[in-house]
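Colleague: Would you be able to build a 3D model of this:
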Amino acid sequence: MSCELGRRELLQVACGGAVCMGLAGGLIAADAPAGLRLISPGCRRSKVRVGKLYLVGTNNMWPTPKLDIEAERQRYENEFARMKKEFADVEFVGNGIVKTAEDIGKLADSLKNADGILVIHLTMGALPTLHEILKLGRPTMVFAAPYSGHEWTAFGGLRRQKEGALLDCLLTADMNELAAAVRPFRAIHHLREAKVLNVTARTEWLEFANKVKEKFGTQIKQIDRDRMIRAYEAVPEPEAQAEAQRWMSAAQKVVEPSKDEIVRSCRLALAFEKLLNEEEATVITVDCYGTMYHQLPAFPCIGNVRLNDLGLGGICESDLEAAMTHILFQGLSGRPSFISDPTMDVSTNAIILAHCLGSTKMDGPEGPAAPYRLRTIMERQEGAVPQVFMRVGQRVTQGRLVGTDMFIYFTGQVIEAPDLDRGCRTKITVKVDGDAERLWQDWAHGLHRSTCYGDWAKDLQRFAKFAGIRLVNEVEKPAQA
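Modeller: This is a model prediction of the structure:
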């Protein structure tokens, strides 16, 4: 089926010629439209709130009795300053040395509303204070570099206990992993702050919307056809013409669509942005193959791609699980996802992921734009879609939120970006990490999967633990189980 970002202090820039920082080294493009305000890709409401605590024990013989605690704390602070772009959408609270339960009690009020707590382990004898931190009931990441203490021997067992249900740890000398430590908190924050607009006449999705609101805090709001048409008609024709010219000029070539088709598609795309700004939402999805099929002046495909490229979200076919997946991936990575209709090729241990549109900025808004052509929707032979040629050799993660309690995924590497008139327009062939036979034999939970550049398996594991959802690798075990 078809149709379908470091960071700067409180990024709320009207991006006419300005540049807004995004996640994972991404940026919102300098040619982003005026009125687009994002703190980071996928989030326009508030910063991620993270408690930052330096954990010091009662026994300072390890790593050395000569350790200067304040100098050690400053060493880490220098690393945070070096990576300031990675934390520009983060508000740190606490940020001090804690040694006792009394220290934690003094900070409890400031930490209780944190999206998560980052604990940096400095010396031995700190386990009792860690127990006090866990009593706060917030998702907690412990960063423990080599020689910080012997407590690491207890971390594994603690994670498996009820007390450690919201605990995970990074045992590494790689200071860049401090950025990884906050990613699950960012995903939690993005989901809670997100608002999804669903352009549809259906109502059966309302039960799912209620569950999503209860579980993650995400709002989903229905937009009817009349309001969508009014937003479309409010877009001045010259603006639509200019947007269409931009798409046509940047394309390798325009193959089938007429200029009129492209202009109407671009006018609808600008209407999407108008609605998102009015509602302070970040994602829109249209029931383009259902109740909105031929009910709108154009197909939403160019509009979806445009939003994804800007650091927002345009999702095909009123697929709300895919919309939630997009928000999660965007929170973890600062990058959009590519929804697909897969088909298998076990001869190369691969899966071909296809849809009639693909985002051109799969590295995030600041990243390079992939080449594209303007085509019709393959199976409909109508509309206007960007056929995008993604990067061969790229590591990718495919996933889908199933309901509100399970996330299924698998990883792999792009080995081809096929260009043939079969299936949908945009295609990537992904060599699966594991057995492709196992993948298709255990396939469940519908057709769509969403692809994100990068291997996000470890980040998904941490998020799933904190969010209380089951994570299933579709290659390693049956998704039905």
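
Colleague: Helices of the protein, start to end?
Modeller: 69-82, 101-111, 127-134, 152-160, 177-193, 206-216, 225-233, 237-250, 259-279, 301-310, 320-333, 436-441, 457-467 (DSSP state H).

Colleague: which stretch among these comes nearest Phe407?
Modeller: helix 457-467 (6.0 Å; Cβ to Cβ). Quick note: C-beta positions are derived from backbone N, CA and C, even for glycine.

Colleague: ok, the residue nearest the centre of the chain - contacts?
Modeller: Nearest to the mean C-alpha position of the chain, counting by Cα atoms, centre = their mean, stands Gln330 at 1.5 Å. Going by Cβ atoms under 8 Å, 6 or more residues apart in numbering, Gln330 touches 23, 41-42, 190, 311, 313, 336-337.

Colleague: do Ala269 as well
Modeller: Counting by Cβ under 8 Å, 6+ apart, Ala269 has contacts 243, 300, 302-303, 306-307.

Colleague: quick one: which of the residues you listed is most hemmed in?
Modeller: Counting neighbours by other Cβ atoms under 10 Å, Pro300 leads the contacts of Ala269 with 32 neighbours.

Colleague: Let me see the contact set for the residue nearest to it when sequence neighbours are not counted.
Modeller: Of all residues not flanking Pro300 in the chain, Val286 sits nearest, at 4.4 Å (Cβ to Cβ, 6 or more residues apart in numbering). By Cβ under 8 Å, 6+ apart, the contact set of Val286 is 3, 199-200, 292, 296, 300, 304, 316-318.

Colleague: from these, which single one is nearest Asp174?
Modeller: Asn304 (36.5 Å).

Colleague: The closest one reaches Leu357, doesn't it?
Modeller: Yes: counting by Cβ atoms under 8 Å, Asn304 touches Leu357, with 6.1 Å between them.

Colleague: how much space between Val388 and Leu374?
Modeller: Per Cβ to Cβ, to the nearest Å, Val388 is found 11 Å from Leu374.

Colleague: In this protein, spot the strand with the most residues.
Modeller: For the chain, the strand that runs over the most residues, judged by DSSP state E, is strand 406-416.

Colleague: That one: which residues count as buried?
Modeller: If you call a residue buried by 16 or more other Cβ atoms under 10 Å, then strand 406-416 has these buried ones: 407-414, 416.

Colleague: Sort out which one of those lies nearest Lys84 for me.
Modeller: The closest of these, once distances to Lys84 are taken by Cβ to Cβ, is Thr411, at 29.8 Å.

Colleague: For the closest one, give me its contacts.
Modeller: Applying Cβ under 8 Å, 6+ apart, the residues near Thr411 are 395-398, 432-433, 455, 457.

Colleague: Just list whatever residues bridge to it.
Modeller: Thr397 (DSSP bridges).

Colleague: From Lys162, how far off is it?
Modeller: Applying Cβ to Cβ to Thr411 and Lys162 gives a distance of 31 Å.

Colleague: before we move on, back to that, would you mind listing which of the contacts of Thr411 are buried?
Modeller: Neighbour-count burial (16+ other Cβ under 10 Å) applied to these gives 396-398, 432-433.

Colleague: Of those, which is the nearest to Arg37?
Modeller: Nearest to Arg37 among the buried ones among the contacts of Thr411, counting by Cβ to Cβ, is Thr397 at 28.5 Å.

Colleague: Please consider this matter closed, and thank you.
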